[in-house]
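Asker: Next comes the sequence, and after it the predicted model I'd like to discuss.
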Amino acid sequence: METSPDEPAPVRSISAKLQEWISRLGAVWIDGQITQVSRRPGMRTAWVTLRDVEVDMSLSVVTDTGVLDRVSPPIAEGQRVVVHAKPEFYPGRGQLQMRAREFRPVGRGALLEELERLKALFAAEGLFAAERKRPLPFLPRRIGLISGRASAAMTDVLVNARLRWPSVHFEVREVAVQGVSAVPDVVAAIEDLNAIPEVDVIVLARGGGSVEDLLPFSNERLVRAVVSSRAPVVSAIGHEQDVPIVDLVADLRASTPTDAAKRIVPDLAEQTLIIDALQQRGRASVRRRIDLEQDRLESSLERMRRAISHTIDQARRHIDHLVAQVRSLSPLATLERGYAVVQSVDSGSLIRDADQVTVGEKLRVRVARGQFTAERQD
Amino acid sequence: MADNNEANMADEAPSIVIIPEDIAVLGFEEARDELTAIVAKLESGGVPLEDALTLWERGEALAAHCQRWLDAATPEAELDDETMEEP
C-alpha cells in the first residue's frame, strides 16, 4: 500500500487493510493459559485472556458462552488450554481479538506425557548426570532464596538456617511459585541472584501442590535456567508423587525447605566444638614436644658437665702423678735420708773420691736443710 | 689447695651465662644439635684440656639459649587451660 505525507490513506482504508491481513492467519490452535475469565449472567459472549505459558504476552479471546459451557472440566483461571480460534479485527474501534470456537483443557494425562517427553529430552542431554552436581560451599557468604511471597517454605528456610548459623546472610526473592508468572519470575530471580558475586548457593523453596501447581518447575525454560546457574542450586519443592524436573537437575535435592536449611549452612555449636577440640589437641601436642625437648636439654647438660668434670679430674690426676714422679726423681729425697752433697769450694766440682780432696782443703757441704763449709782434717 | 673448689666447678651451672651473638641468632634445633655434638665430643675424651674447657663454655651458652627458647614457648601452649574453662 503506497502512502506518503502528501497522499495519506484515510483511517477506514488502513482498518480495511488490517482486517484483510489479519484474517489471512485463519483459524489456529493456540497453547496457553487462562488468566482471566469474564462473563456476566445473561450475556451471550464471554471474554478470556489467554497468556503464553512462559513469557508475558497475552491475547484477548472472545467466545460464545455456549463454547465455554461445553468445556469439561470447566474452564478456570490458571488452567492450561489449547484453543481453536481465529483472529478478528473490528474496524469500528480498531481492536484485535481472537474468536474461539473450541477450548480443550490440557488434561493431566497430556501434561504428564509432556513431562515425560521433557524428562527424556533432558536425560538425553545428560542434565541429570551425577557428575554435573556441584558440591555446596561449606559456609556460603550469601544464600539466594527464591520462594513464594510470605510463604511457610520461606520462613522454614530462614528460621532453620538461622538457628544453625545465626549470622547467615540471605538474599530473598519473593516470587510467584505457581501460575503464569512463576516461570518468568523464578528465571529472573535466578539471574538476579547469580549477578551478585557473594551469592554462593541458591535455594528454590515452595510447599506442596498439585501436578498443575508444580508445572512451572518442570518447565523447560526454568529447568535450563537452573542448569546454567553460576551458583549451585538446591531444590526444596514439596511434592507428593511426581518429582518436578527441576529436582533432577538441581545440584542438591532437599525433601523439605527445613531439610534444605540444614544442608546449606553448618551447625555453629558443632563446628565450635570441633575447632576447640582441634585447638586443644594442637596445644597438647606442642606441650608434649616442649616437655620432651626440656628433658633432652637437661639430659644433655648433665652429660656435658659430667664429661668436663671427668676430663678435669683426669688432667689433675695426671699432673699429680707427674709431680710425684718428679719429686721422686729429685735429689731432695736422697738428702732427706741423711746423705750430703760435698763440693769443692774452689772448683765447685762434686766430691765422689777422697783422693780429690787434700788435707786442709775447704769443702762445701750441702745437707737436706742448709749447707756449711768444712775442712779435711785427715 | 683449691682442689675442692675446682671439683665443684663443673657440677652446677655457671651463675651467669653470657650468650655470644653468634649463638643468640641460632634457631632452637640448630643450637640443640650443636650442643648434642659438643656433648659427644667431650664424652669421647680425646680432646685436650684447654679445648675441652672452651667447648664446655660454648655448650653452656648453647644450653642457656635453648632454655630461653623453651621458656618463651611454654606460656603460649598453656594459655588454653584457663580460657577453655569459660562457658
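Answerer: Happy to help now that I have it.
Asker: Other residues contacting stretch A:56-73?
Answerer: Residues outside stretch A:56-73 that contact it (Cβ atoms under 8 Å, 6 or more residues apart in numbering or on different chains): A:30, A:32, A:35, A:37, A:39, A:43-52, A:74-75, A:83, A:85, A:88, A:96-105, A:181, A:184. Placement of C-beta: from N, CA and C, glycine included.
Asker: Tell me which residue in chain B sits closest to chain A.
Answerer: residue B:42 (3.7 Å; Cβ to the nearest Cβ).
Asker: In helices, which of the contacts of stretch A:56-73 fall?
Answerer: Residues of those located in helices (DSSP state H): residue A:184.
Asker: Any chance of a ChimeraX selection covering the buried ones in the contacts of stretch A:56-73?
Answerer: In ChimeraX syntax, the buried subset of the contacts of stretch A:56-73 is picked out as below (16 or more other Cβ atoms under 10 Å in any protein chain shown):
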select /A:30,32,35,37,39,46,48,49,50,51,52,75,83,85,97,98,99,100,103,105,181,184
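Asker: ok, and the residue of chain B closest to chain A, which helix or strand is that part of?
Answerer: Using DSSP states H and E, residue B:42 maps to helix B:28-44.
Asker: Skip ahead from that helix and say which helix or strand is next.
Answerer: Immediately after helix B:28-44, counting by DSSP H and E, sits helix B:49-78.
Asker: is any part of that following helix close to chain A?
Answerer: Yes. Under the criterion of Cβ under 8 Å from any Cβ of the partner chain, helix B:49-78 makes contact with chain A via B:49, B:52-53, B:56, B:59-60, B:63, B:66-67, B:70, B:73-74, B:77-78.
Asker: tell me the pLDDT at residue B:11?
Answerer: Turning to residue B:11, the model gives it a pLDDT of 55.
Asker: cool, residue A:105 as well?
Answerer: Residue A:105 is given a pLDDT of 83.
Asker: Turn the residues of helix B:49-78 next to chain A into CSV, including pLDDT, distance to residue A:278 and neighbour count.
Answerer: Listed next are those as CSV, based on pLDDT from 0 to 100; distance: Cβ to Cβ, whole Å; neighbours: other Cβ atoms under 10 Å in any protein chain shown:
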residue, pLDDT, distance to residue A:278, neighbour count
B:49, 92, 54, 14
B:52, 94, 48, 22
B:53, 94, 49, 16
B:56, 95, 44, 24
B:59, 95, 39, 25
B:60, 95, 39, 22
B:63, 95, 34, 24
B:66, 94, 29, 25
B:67, 94, 30, 18
B:70, 91, 24, 16
B:73, 85, 19, 17
B:74, 76, 21, 15
B:77, 58, 15, 18
B:78, 61, 17, 13
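Asker: Distance from the chain centre to stretch A:276-289, please.
Answerer: 27 Å (Cα atoms, centre = their mean, to the nearest Å).
Asker: what comes up buried for the helix holding residue B:42?
Answerer: By neighbour count on 16+ other Cβ under 10 Å, the buried set for helix B:28-44 is B:28, B:31, B:32, B:34, B:35, B:36, B:38, B:39, B:41, B:42, B:43.
Asker: which residue sits closest to the fifth one, ignoring its sequence neighbours?
Answerer: By that I understand residue B:35. residue B:62 (4.3 Å; Cβ to Cβ, 6 or more residues apart in numbering or on different chains).
Asker: what residues are up against the one you found?
Answerer: B:23, B:26, B:31, B:32, B:34, B:35, B:38.
Asker: ok, for the fifth one, nearest residue in space, not its chain neighbours?
Answerer: In other words, residue B:34. residue B:62 is the one closest to residue B:34 (Cβ to Cβ, 6+ apart), at 5.6 Å.
Asker: what's the spacing between that neighbour and residue A:296?
Answerer: Residue B:62 sits 13 Å away from residue A:296, going by Cβ to Cβ, to the nearest Å.
Asker: Would you mind pulling up the elements that the host helix or strand of residue A:120 packs against?
Answerer: Taking DSSP H and E as the criterion, residue A:120 maps to helix A:108-124. Helices and strands touching helix A:108-124, by 3 or more Cβ pairs under 8 Å, 6 or more residues apart in numbering or on different chains; DSSP states H and E, are helix A:211-214, helix A:220-227, helix A:245-249.
Asker: how about JSON lines for those, with distance to chain B and mean pLDDT added?
Answerer: Output for the helices and strands packed on helix A:108-124, formatted as JSON lines (distance: least, Cβ to the nearest Cβ, whole Å; pLDDT from 0 to 100):
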{"stretch": "helix A:211-214", "distance to chain B": "47", "mean pLDDT": "83"}
{"stretch": "helix A:220-227", "distance to chain B": "44", "mean pLDDT": "96"}
{"stretch": "helix A:245-249", "distance to chain B": "43", "mean pLDDT": "95"}
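Asker: Pick the most buried one from the ones you listed.
Answerer: helix A:245-249 (a mean of 23; mean count of other Cβ atoms under 10 Å in any protein chain shown).
Asker: what does that helix rub up against?
Answerer: Contacts for helix A:245-249 (Cβ under 8 Å, 6+ apart): A:115, A:118-119, A:122, A:127-128, A:132, A:204, A:217-218, A:222-223, A:226-227, A:235, A:237, A:239, A:253.
Asker: Type out the PyMOL command that picks the buried ones from those.
Answerer: Filtering these down to the buried ones (16+ other Cβ under 10 Å) takes a single PyMOL command:
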select buried, chain A and resi 115+119+122+127+204+217+218+222+223+226+227+235+237+239+253
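Asker: Let me see the ranges of the helices in the stretch 151-300 of chain A.
Answerer: Residue ranges of the helices in the stretch 151-300 of chain A, as given by DSSP state H, counting those that start in this stretch, are A:152-164, A:182-194, A:211-214, A:220-227, A:245-249, A:257-264, A:268-329.
Asker: got a list of what residue A:3 touches?
Answerer: Residue A:3 touches residue A:9, counting by Cβ under 8 Å, 6+ apart.
Asker: Please repeat the previous calculation with a cut-off of 10 Å.
Answerer: A:9, A:13, A:14 (Cβ atoms under 10 Å, 6 or more residues apart in numbering or on different chains).
Asker: Same question for residue A:310.
Answerer: Residue A:310 touches B:10, B:42, B:43, B:45, B:52, counting by Cβ under 10 Å, 6+ apart.
Asker: could those residues go into JSON lines alongside distance to residue A:155?
Answerer: Listed next are these as JSON lines, based on distance: Cβ to Cβ, whole Å:
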{"residue": "B:10", "distance to residue A:155": "80"}
{"residue": "B:42", "distance to residue A:155": "78"}
{"residue": "B:43", "distance to residue A:155": "77"}
{"residue": "B:45", "distance to residue A:155": "84"}
{"residue": "B:52", "distance to residue A:155": "83"}
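Asker: after the lowest-mean-pLDDT helix or strand in chain B comes which helix or strand?
Answerer: Lowest by mean pLDDT, DSSP states H and E among the helices and strands of chain B is helix B:3-9, with a mean of 47. Using DSSP H and E, the next helix or strand after helix B:3-9 towards the C-terminus is helix B:21-24.
Asker: and that next one, what other elements does it pack with?
Answerer: Counting contacts by 3 or more Cβ pairs under 10 Å, 6 or more residues apart in numbering or on different chains; DSSP states H and E, helix B:21-24 is packed against helix B:28-44, helix B:49-78.
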